[in-house]
Each structure stands twice: as C-alpha cells, then as structure tokens.
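>>> got a predicted model here, sequence first, then my questions.
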Amino acid sequence: MTPARRPLFPLFQIDNLFLHKGLKSDRPIMTVDIVTELEKLVSFNTVNDSKSKPPIDCANYIKDRFEDFGFITDVIESKGFYTTLGRQGQGSFKILYLAHYDVVPPGEDWKTDPFKLHVEGDIAYGRGTCDNKGNIVSMLKLAETFQEKELPCTLLLAASGDEEIGGVNGALNLKEYLISNGLFPDYVVIADGINQVVIHRRRNVLPTIIKAKRKISRLKGREETIRFETDIFGSDSRHSAYQRRGVDRHALLTASKYLDLNGFACVRDMRGGFVKSNVIPSWVELDIIHPDAEGLELEYDETLTGIFRSLLPLSSTSFPTAYSDLGTTVSPNMLSIDDDLWTLYCDVRAMTDDNETVQDAFTKAISEKVELYSIRVPQTAGCVNSDRNSRLIRAAEWSLKKEGIKYKVMEGYGASDSRYFAGHTADVFDFGPKGDNLHGPNEWVSLSSLEENARFFYSLIEVLSRDPSPL
C-alpha cells in the first residue's frame, strides 16, 4: 500500500498556528456537549460490512469539529474508506489517539432505533455508542481542553472508517501515511476498548475460510426443523471474541452438538441470523432428516451435514500459541452457498502469527468429514503484547489514579487497530468507556465515563510531558 506523499501540514500553517502562543486567544472558545455530540455521530449510518461502506459525511463532520478546536486536518482516502486526521502542537514527543466511526450492522432485537440516540439517565443506547463513537466524543472533549492551554507535545487525533472489517484501509493506511510524512508517534492510545480497562495484550485474528462443493443424496426418513439459539452469559454482545467456551452457547456449535447426539441424522437445508465475520449469529435453523424405513424418500445435503458435524472438532482444534488469558477461540460465524459451493467463515482468535500451522490444523480437523474444495487462513496483522511496565502504561496508571478512575491492566477480547502499531517503535495500549452489548442489540455507553476518559486522556499527556517525570 502506497500512501500519499504530499506534506500533510504545510509549514507556513504550522508557523502561523503553533509558533505563537498568543494566537490561541484569538479563536472563539468552542464547547462539546456530550449528548448532542454523540447523538449526531450515532445518526450517521456508518455500517461497514461486505455490502456497504461508511460514506464520507461522518469523516467530514469529524474533520469540521477538529478544525473548530484549531487542528489542522486532512481526510485520507484508501479504496473508498476515509480516515480523518488532525494535528496540533510541536512538543517534544508525538502522541496519537485513534478511534473509529464505522460500526457493525444493527442486527435484531433492538428496543429502540439503533441510529437514534436514546438516553436513560447516564446510559445512552445506539449503534456505535460504545464501539466506537463514544470514544470520538472523548477525543473532542480532549481537543476542547487544549483551546486555552499550550500543548506540550504534538497531538494527533484520528478517526478511521475501516476497523470493523480489518482496518487495512483505515489504521494500516494511517500508519503508513504518518511514517511517510515524518509523523509516526512515540505513543499510541487506541480509543477502542470497554469499561476503562488498559488493554496491553490482544490475540491475533486468523480469518479461516473453508469451501466445499454441495453434494445431494437421498434417503427414506422423516423431516424435522429445529431452531438453535445463541446465549452469551451476562451480556447481549454477539462479538465472537467475547465468548468463553464452557459458559456461552453458540447457535452453530449447539447444532453441531445435536448432530453429534443424533449420529444418523442428516441436514437437508439451513438458514440463520448471519450478520458478519466477527458476529455470532443469534440463531440458526436446520431442516433435519431422521432415517425411517417407513418414511418418504427425501433429499439431503451430504456436504452441509459434514460441515455441521465438523464444527465441534474445529472449535476444539489445537495448535501452538503463546500464553493468553483467553485461550484460543474458534467461532463459526458465517455459512452461505453460492453456485453449489458452501463457504464457512470461522473467526479465530489466538496468540500466534503462524497462519500456516493454523491452516494445517484445521485441514486435519475437517477433512475426515468434508471433502474440501479449499481452505485458507491468510496472514494478518498479528498479536499485541505491549510491555506491562512500559513508560506509556505506567503513565496511564498514574493518570487514572490521579483522576480517581478505577481501572485494570489486562488482556482484551476482540482485535483492534492497535495490532498495526504494536511492534513498531511506539508504546501502545487500548482504552474505552463503560458500556456493553458490543456487536449486539441495545449497545450502550455510560455518558459520565466519556467525560472521565477525556480527563484521563489530558492527564496522560500532562504526565508524559513532565520533566522530571513522576513515574
């Protein structure tokens, strides 16, 4: 990927805006109302999946808001995806706060309009409130703080539109853009987390795509349609990285268990509440044929039957990994047929970058039950495993204590844009507000935590800039 090579911020603009502290007082003081700002951001339909891309209007709105606070801005485009970037200051270090404005499809079972903010006390409901537009509001509150204060650093604020399908045209493109313009940061805070947890470790995402040709056979039997439903303990989230084996029920794996218990049953057809690659379908229905010599002669799909019988072995497949608190997750989230070719998509989370070993393990797990057409586990961005005692994370802990925010430093569940910055030259962690039901119905965020996080973001900059350091 080749980012644009033109200078991001013309030197004359930098001179005029940042070398003369007194000019800040000439700008009208702008304010951010958290509810109003979140309401506006949620109203943009920024669903990002195989069928649609977020339009540029949300990126432009964020650009305008950054400019309201004196930031020099740009909107970076890559293959129809847009990332808004703003810069202010010329301090001794560079720090990037990165969020994303794209969201997953709303799915089913919402109690309110997912694209219209609904507020009940401190809780705001809507698609993207927690993942991830609330974080953009906290970044705007941070920008508000620096209107009348001299920046001790180079502050970079960015909002991408391509996190939910991998981030190649969002965070990765931004990273290369910053490198090419001499702006790669010393510190990176990915504003994409939950419940004010400092996330220093995340597993790799290993998308696994399995294809097999449909094969129709016949037998005498009786037909039954059975519906299987997903049940995530303690949450409505459908984000597959959050499921814990042995506690949560996955609809497709439950169906596989049914076939395991009914060894002679065959699958005629199926349908389900499929949403996207990292979202567990809320339900799946199978048209099942039970063999019966007195029954009707019926068609069934040998390949589809084999796929469902293979799901449990696939979910238990083992391969070498580094340590993770969350272990390895194999989640079959999408199943479709096109031109007599079944495609199964498994969302795999593991602390390994060795995609070839993973592919070999899955091939062994499924090949006895299904005649494979192809199986592919492409190379991806990799794991995040930041030093728990890095200067950035120690500064984060100091700042959170200063602001009176209860926190933990721990491993996160899902992937985020941090994987594109980990292992380069920057310290990195993820952080987000209080909320829940990510990728599920009735997603919500705590409004007061958005205010708290903005104060934390400010304190973090203050601590990192101190000389001598309190760390």
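That came through, no problem.

>>> which residue sits farthest out from the middle of the chain?
For the chain, the largest distance from the centre (C-alpha atoms, centre = their mean) belongs to residue 294, which lies 51.5 Å off.

>>> so where's the stretch 1-150 of the chain uncertain?
Applying pLDDT under 70 to the stretch 1-150 of the chain picks out residues 1-27.

>>> SS state for residue 108?
Assigned by DSSP: H, G, I helix; E, B strand; the rest coil, the conformation of residue 108 is coil.

>>> mind listing the strands in the stretch 251-400 of the chain by residue range?
Counting by DSSP state E, counting those that start in this stretch, the stretch 251-400 of the chain has strands at residues 266-272, 283-291, 296-301, 329-338, 341-350, 374-376, 384-385.

>>> tell me where the model's unsure across the stretch 301-450 of the chain.
Counting by pLDDT under 70, the stretch 301-450 of the chain contains low-confidence ranges at 424-425.

>>> picking that back up, including mean neighbour count, could the strands of the stretch 251-400 of the chain go into JSON lines?
For every residue, glycine as well, the C-beta is placed using N, CA and C. Formatted as JSON lines, the strands of the stretch 251-400 of the chain follow (neighbours: other C-beta atoms under 10 Å):
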{"stretch": "strand 266-272", "mean neighbour count": "19"}
{"stretch": "strand 283-291", "mean neighbour count": "20"}
{"stretch": "strand 296-301", "mean neighbour count": "16"}
{"stretch": "strand 329-338", "mean neighbour count": "20"}
{"stretch": "strand 341-350", "mean neighbour count": "22"}
{"stretch": "strand 374-376", "mean neighbour count": "13"}
{"stretch": "strand 384-385", "mean neighbour count": "22"}
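
>>> hang on, the earlier thing: for the residue farthest from the centre of the chain, which non-adjacent residue is spatially closest?
residue 220 (7.6 Å; C-beta to C-beta, 6 or more residues apart in numbering).

>>> and if you look at residue 375?
If the residues on either side of it in the chain are set aside, residue 375 comes closest to residue 210, at 5.0 Å by C-beta to C-beta, 6+ apart.

>>> roughly how far apart are the one you found and residue 385?
28 Å (C-beta to C-beta, to the nearest Å).

>>> ok, residue 79 touching residue 169?
Yes - in this structure, residue 79 is within contact of residue 169 by C-beta atoms under 8 Å, at 5.0 Å.

>>> and those two? Which one has more around it.
Remark: of residue 79 and residue 169, residue 169 carries more neighbours, 22 against 10, as counted by other C-beta atoms under 10 Å.

>>> got a list of what that one touches?
With contact taken as C-beta atoms under 8 Å, 6 or more residues apart in numbering, residue 169 is in contact with 78-81, 162.

>>> state the pLDDT value of it.
We have a pLDDT of 96 for residue 169.

>>> same deal with residue 235?
89.

>>> which stretches of the stretch 51-200 of the chain form strands?
For the stretch 51-200 of the chain, the strands defined by DSSP E, counting those that start in this stretch cover 72-78, 81-88, 94-100, 118-120, 123-125, 154-160, 187-190, 197-202.

>>> okay, now residue 63: neighbour count?
By the criterion of other C-beta under 10 Å, residue 63 has 20 neighbours.

>>> same check on residue 80?
12.

>>> can you tell me the closest non-neighbouring residue to it?
residue 53 (5.3 Å).

>>> can you pull the contacts of the one you found?
Per C-beta under 8 Å, 6+ apart, neighbours of residue 53: 80-81, 161.

>>> longest strand of this structure?
Determined from DSSP state E, the single longest strand within the chain is strand 216-229.

>>> what lines up beside it in the sheet?
strand 283-291 (antiparallel), strand 296-301 (antiparallel) (DSSP bridges).

>>> let me know the angle separating the longest one from strand 329-338.
Using axes from the mean of the first three to the mean of the last three C-alpha atoms, to 10 degrees, the direction of strand 283-291 lies 70 degrees away from that of strand 329-338.

>>> report the beta-bridge partner residues of residue 429.
Those that pair with residue 429 in a beta bridge, by DSSP bridges, are residue 189.

>>> does it touch residue 198 like I think?
Yes - with contact defined as C-beta under 8 Å, residue 429 counts as touching residue 198 (5.3 Å).

>>> so where do the helices sit in the stretch 351-471 of the chain?
Remark: helices assigned in the stretch 351-471 of the chain by DSSP state H, counting those that start in this stretch are 355-367, 391-402, 447-464.

>>> how far off centre is the last one?
When you say that, I think you mean helix 447-464. 22 Å (C-alpha atoms, centre = their mean, to the nearest Å).

>>> hey, C-alpha coordinates of that helix in CSV?
The C-alpha trace of helix 447-464 is given here as CSV (Å, rounded to 0.1, in the frame of the first residue of the first chain):
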residue,chain,number,x,y,z
LEU,A,447,-22.1,9.2,29.4
SER,A,448,-20.2,10.1,32.5
SER,A,449,-17.4,7.7,31.6
LEU,A,450,-16.9,9.6,28.3
GLU,A,451,-16.2,12.8,30.4
GLU,A,452,-13.9,10.8,32.7
ASN,A,453,-12.0,9.4,29.8
ALA,A,454,-11.4,12.8,28.3
ARG,A,455,-9.9,14.0,31.6
PHE,A,456,-7.7,10.8,31.6
PHE,A,457,-6.5,11.5,28.1
TYR,A,458,-5.5,15.0,29.1
SER,A,459,-3.7,13.8,32.3
LEU,A,460,-1.8,11.2,30.3
ILE,A,461,-0.3,13.9,28.1
GLU,A,462,0.5,16.0,31.1
VAL,A,463,2.3,13.2,32.9
LEU,A,464,4.2,12.1,29.8
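
>>> residue 237 - that's part of a helix, no?
No - counting by three-state DSSP, residue 237 falls outside a helix, being coil.

>>> report the contact partners of it.
436-440.

>>> nearest residue to it other than its sequence neighbours?
Using C-beta to C-beta, 6+ apart, the closest residue to residue 237 is residue 440 (4.5 Å).

>>> so that neighbour touches residue 236, yeah?
Yes - counting by C-beta under 8 Å, residue 440 does reach residue 236; the two are 4.1 Å apart.

>>> who has more neighbours, the two?
Higher neighbour count among residue 440 and residue 236: residue 440, with 25 against 18, using other C-beta under 10 Å.

>>> next up, phi/psi of the more buried one, please.
phi -120, psi -180 (degrees, to the nearest 10).

>>> and it, how far from residue 133?
Residue 440 sits 16 Å away from residue 133, going by C-beta to C-beta.

>>> can you get me the start-to-end distance on stretch 117-124?
This stretch, stretch 117-124, spans 6 Å end to end (C-alpha to C-alpha, to the nearest Å).

>>> list of residues touching that stretch?
Contacts to stretch 117-124, defined as C-beta under 8 Å, 6+ apart, come from residues 35, 38-39, 42-43, 112, 125-126, 129, 134, 444-448.

>>> okay, buried residues for it please.
117-118, 123-124 (16 or more other C-beta atoms under 10 Å).

>>> show me the two of those residues that sit farthest apart.
Maximum pairwise distance in these, criterion C-beta to C-beta, is 10.8 Å, between 117 and 123.

>>> re earlier: distance to residue 460 added to the contacts of residue 237, as CSV?
What follows is these, written out as CSV (distance: C-beta to C-beta, whole Å):
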residue, distance to residue 460
436, 24
437, 27
438, 24
439, 28
440, 30
